[in-house]
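Undergrad: No sequence on hand, only this structure:
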Ligand code: SF4
Ligand code: SF4
Ligand code: SF4
């Protein structure tokens, strides 16, 4: 999966004032998203994942599996390995993945039953299993492969930021278990929250920004390269994940 790597830090934005074209590229990205979020709802949950601190330990994936009793072969949260280069100039990095809880989610409008919807009070995208008919329209619409059919229930599931935990004031299970403190969760509308400060001061990126979904999972230091990355001709790239490359978009 290839993603735009445009940085969207407000600090960068300020720092680049007067630098013309670069500023224009940055300015179109995040300020509008943040402004819209502040205007629309009191709480705007988001996650920042600092891949520089991620060791690829999969503790987050395991915690998520346990939290929701996710069956084998399907995942609400997973970690991709990104291998690049040709020996001896090689690198390996990790890209933790989950539903991006998009501000403009493609999955919501296609759902014929209203099972998938955005919570107005906090922006989390949820699936009402009672209303889901398993048609998979939402799976086709999501640009991030974040959804799957639970083989035990026949209904679609995905990450919901551990809604049952955060409504009790707890962190999502993946955040709680991350030994590297690579994951930070909180309210983007609270300027004193760590997520708001990180988004404001770090050069964060999102997955596939060009899709216009406005993800609320932000990455620091992420390598968004994939097997089809053409930025470096001849560059060897392999993304190791639970889904075969041919099934990924
Ligand atoms: S638990 Fe933290 S360090 Fe481990 S793979 Fe997940 S995000 Fe990375
Ligand atoms: S990542 Fe996919 S499933 Fe999650 S909110 Fe965005 S479009 Fe919907
Ligand atoms: S699979 Fe369920 S949640 Fe997805 S579009 Fe169909 S009814 Fe909606």
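TA: Perfect, I can see it now. Computed from a predicted model, the values in this text were never measured in an experiment. Numbering: from 1, shown residues only. Ligands and ions are numbered 1, 2, ... in the order given.

Undergrad: what does the protein have sitting close to ligand 3?
TA: Contact residues (CB under 6 Å from any ligand atom) of the chain with ligand 3: 110-111, 113, 115-116, 127, 132-138, 156. Every residue, glycine included, has its C-beta placed from N, CA and C.

Undergrad: Now the two most distant members of these.
TA: Pairwise distances among the residues of the chain next to ligand 3 were taken by CB to CB; the largest, 13.7 Å, belongs to 110 and 134.

Undergrad: which regions of this structure sit below the pLDDT cut-off?
TA: Of all residues in the chain, those with pLDDT under 70 make up the ranges 1-41, 226-235, 242-249.

Undergrad: Dihedrals phi and psi, residue 197?
TA: phi -70, psi -40 (degrees, to the nearest 10).

Undergrad: Neighbours of it, how many?
TA: 15 (other CB atoms under 10 Å).

Undergrad: Please report how far the closest residue to it other than its chain neighbours lies from residue 172.
TA: Among residues not flanking residue 197 along the chain, residue 191 sits closest, at 7.7 Å (CB to CB, 6 or more residues apart in numbering). Distance of residue 191 to residue 172, given as CB to CB, to the nearest Å: 21 Å.

Undergrad: between these two, which one's more packed in?
TA: residue 172 (26 against 10).

Undergrad: contacting residues for the more buried one?
TA: Taking CB atoms under 8 Å, 6 or more residues apart in numbering, we find residue 172 in contact with 47, 161, 162, 165, 166, 183, 185.

Undergrad: how about JSON lines for those, with secondary structure added?
TA: Formatted as JSON lines, these follow (DSSP: H, G, I helix; E, B strand; the rest coil):
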{"residue": "47", "secondary structure": "strand"}
{"residue": "161", "secondary structure": "coil"}
{"residue": "162", "secondary structure": "coil"}
{"residue": "165", "secondary structure": "helix"}
{"residue": "166", "secondary structure": "helix"}
{"residue": "183", "secondary structure": "strand"}
{"residue": "185", "secondary structure": "strand"}
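
Undergrad: For PyMOL, what selects the buried ones among these?
TA: In PyMOL, a selection of the buried entries from those looks like this (16 or more other CB atoms under 10 Å):
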select buried, resi 47+161+162+165+166+183+185
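
Undergrad: if we can go back for a sec, now the residue nearest to residue 197: how far from ligand 3?
TA: Going from residue 191 to ligand 3 by CB to the nearest ligand atom, to the nearest Å gives 34 Å.

Undergrad: A strand includes that residue, no?
TA: No. Counting by three-state DSSP, residue 191 is located in no strand; its state is coil.

Undergrad: Would you quantify the distance from it to residue 198?
TA: To residue 198, residue 191 is 12 Å away according to CB to CB.

Undergrad: Now do the residue nearest to residue 197 against residue 122, distance only.
TA: Counting by CB to CB, the gap from residue 191 to residue 122 is 17 Å.

Undergrad: What of residue 42?
TA: Counting by CB to CB - residue 42 and residue 122 are separated by 8 Å.

Undergrad: These two: which is more packed in?
TA: More neighbours surround residue 122 than the other of residue 42 and residue 122, with 18 against 11 (other CB under 10 Å).

Undergrad: Phi, psi for that one please.
TA: Torsion angles, degrees, to the nearest 10, at residue 122: phi -150, psi 0.
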